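K.L.:
Prediction below, plus the sequence it came from.
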Amino acid sequence: MDRYIRNYKPFHPKYFFLFNSYYQSLGDRWERPKRGVLSRPTVKDVYEYRQVVTERMIELTGKIEENQWKEYSDLLVLALNHEQQHQELLLTDIKYILAMNPLFPVYQPSKHSAQNGAGVKSEFIEFGGGVYEIGFNGNGFCYDNEQPHHKTYLDDFKLQNRLVTNAEYLEFMEAGGYNDFRFWLSDGWDTVQKHGWQAPLHWGKIDGEWHEMTLNGLRKIVRNAPVCHVSYFEAEAYASWANKRLPSEAEWEVAAREAGVKQEQGNFYDDKFYHPLPADPKKQSNGKDVYQMLGDVWEWTGSGYLPYPGYKQAEGALGEYNGKFMVNQMVLKGGSCATSRDHARITYRNFFQPDKRWQFTGFRLAEDIK
């Protein structure tokens with residue numbers, strides 16, 4: 001605010017310290033591991049603060065000088081998109097907290113009745129190799145890590161027409177996949193041993209049958225629904241067991257564009273199902289018969305989160321937004337059932353550490369054409 005309003009007085013002198021999440025360039029901050037011990041500000045206080053922020057932003061927007069408008073509007077649009085990210089994270093945090101409760105509270109009753117429908121048969125669709133252009137190149141908003149638009153070479157490849165399902169992942173589990181080191185990366189195997197993983201997050205057996213906690217409450221797993229809440233390590237181990245691999249982010253993006261994937265085909269937050277659904281035969285892409293590339297689950301790729309050729313990190317706090325995380329993380333594509341529809345796009349690059357699985361994360365397989 002100081003950039004646009006002289007002698008700006010903050011709502012509370014300590015809130016800047018409390019709510020600075022990780023921006024070193026903005027000064028000191030409350031330590032993230034200690035956030036759980038804060039009993040103040042109260043929920044009421046935070047809502048009051050939020051309302052004042054909204055009012056001040058509306059007032060400020062009407063006062064911006066013409067020569068400041070481009071810079072200000074760019075920051076405002078970035079902030080609004082960042083807020084959408086936080087809304088998604090809030091939903092996944094709510095699910096995680098409810099799943100820790102032995103009463104398994106329901107966030108919202110299920111809207112979907114045909115949960116165990118026929119689904120879509122798994123097939124592998126061929127895509128030709130060559131030099132392709134990937135990355136954002138158009139009008140509208142994108143994050144800095146989606147650029148520059150650049151050329152990349154791909155060999156011929158095949159991509160699974162839909163996401164890997166609970167039933168397919170259960171085969172891996174029943175075949176002893178979590179107990180066979182041969183399928184796991186070294187760090188993945190160490191993680192499985194350390195945490196005792198034997199199933200995706202939020203899965204558990206009741207009377208001999210697998211159930212999963214959802215935002216619709218506890219229920220038996222829907223066999224044809226996409227497996228979710230799996231880490232990169234688990235996705236990669238399954239692919240190894242199936243004698244396949246995960247697609248690269250370039251393959252995923254090229255396939256989505258070649259297939260004519262559209263936002264309206266996906267299951268997003270806007271649909272209020274709050275859980276991935278079985279592939280719908282009526283929602284194939286316009287070009288090739290691929291499903292679920294936008295929505296349902298964020299899809300792990302086999303690509304590390306690194307800068308595109310020619311990427312330059314911005315100065316100041318904006319440079320800390322995406323650029324400083326470009327190490328030790330893997331790229332995810334496509335959005336999920338907790339993502340806002342207008343927030344998702346083919347070029348979007350989400351990223352998490354390979355052991356993380358609290359987000360709505362799943363995967364599809366790929367293979368080389370020999």
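P.N.:
Done, it's in. Residues are numbered from 1 along each chain as shown.
K.L.:
Relative to residue 136, how far out is residue 204?
P.N.:
41 Å (Cβ to Cβ, to the nearest Å). Using the backbone N, CA and C atoms, a C-beta is placed for each residue, glycine as well.
K.L.:
for residue 313, same thing?
P.N.:
17 Å.
K.L.:
who's more crowded, these two?
P.N.:
residue 136 (21 against 15; other Cβ atoms under 10 Å).
K.L.:
give the contact list for the residue nearest the centre of the chain.
P.N.:
Against the mean C-alpha coordinate of the chain, by Cα atoms, centre = their mean, the closest residue is residue 298 at 4.5 Å. Each residue near residue 298 by Cβ atoms under 8 Å, 6 or more residues apart in numbering is listed here: 332-336, 339, 350, 359-362.
K.L.:
Equivalent analysis for residue 288, please.
P.N.:
125, 161, 255, 258-260.
K.L.:
do the same with residue 47
P.N.:
Per Cβ under 8 Å, 6+ apart, neighbours of residue 47: none.
K.L.:
Going by secondary structure, it is in what exactly?
P.N.:
helix 43-61 (DSSP states H and E).
K.L.:
Pull out the buried residues from the helix or strand following that helix.
P.N.:
Next helix or strand after helix 43-61 toward the C-terminus (DSSP H and E): helix 69-99. Neighbour-count burial for helix 69-99 flags 88, 91-92, 95, 98-99 (criterion: 16 or more other Cβ atoms under 10 Å).
K.L.:
Partner strands of the helix or strand just after helix 69-99, with direction?
P.N.:
Later in the chain than helix 69-99, the nearest helix or strand by DSSP H and E is strand 124-127. Sheet pairing for strand 124-127, assigned by DSSP bridges, gives strand 157-160 (antiparallel).
K.L.:
what does the partner strand contact?
P.N.:
Contacts for strand 157-160 (Cβ under 8 Å, 6+ apart): 122-127, 129, 244, 247, 251-252, 255, 290, 364-369.
K.L.:
same thing with stretch 238-250?
P.N.:
Residues outside stretch 238-250 that contact it (Cβ under 8 Å, 6+ apart): 132, 134, 152, 154, 157, 159-160, 164, 169, 172, 175, 177, 180, 182-184, 230, 235-236, 255, 300-303, 331, 333, 349, 363-368.
K.L.:
For PyMOL, write the selection for the buried entries among the contacts of strand 157-160.
P.N.:
This is the PyMOL syntax for the buried subset of these, where burial follows 16+ other Cβ under 10 Å:
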select buried, resi 124+125+127+244+247+251+252+255+290+364+365+366+367
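K.L.:
Skipping adjacent residues, who's closest to the residue nearest to the centre of the chain in space?
P.N.:
Spatially, and ignoring its direct neighbours in sequence, residue 298 is nearest to residue 332 (4.1 Å; Cβ to Cβ, 6 or more residues apart in numbering).
K.L.:
Tell me which strands the strand or helix carrying that neighbour pairs with, and in which orientation.
P.N.:
Assigned by DSSP H and E, residue 332 belongs to strand 330-333. Paired strands of strand 330-333, with direction, are strand 298-304 (antiparallel), strand 350-352 (antiparallel) (DSSP bridges).
K.L.:
Could you export the ones you listed to TSV, including columns for mean pLDDT?
P.N.:
What follows is the strands paired with strand 330-333, written out as TSV (pLDDT from 0 to 100):
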stretch	mean pLDDT
strand 298-304	98
strand 350-352	97
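K.L.:
Out of those, the one nearest residue 268 is which?
P.N.:
Nearest to residue 268 among those is strand 298-304; the distance by Cβ to Cβ comes to 11.9 Å.
K.L.:
Pull the distance from the closest one to the chain's centre.
P.N.:
How far strand 298-304 lies from its chain's middle: 10 Å, per Cα atoms, centre = their mean, to the nearest Å.
K.L.:
Perfect, that will be all.
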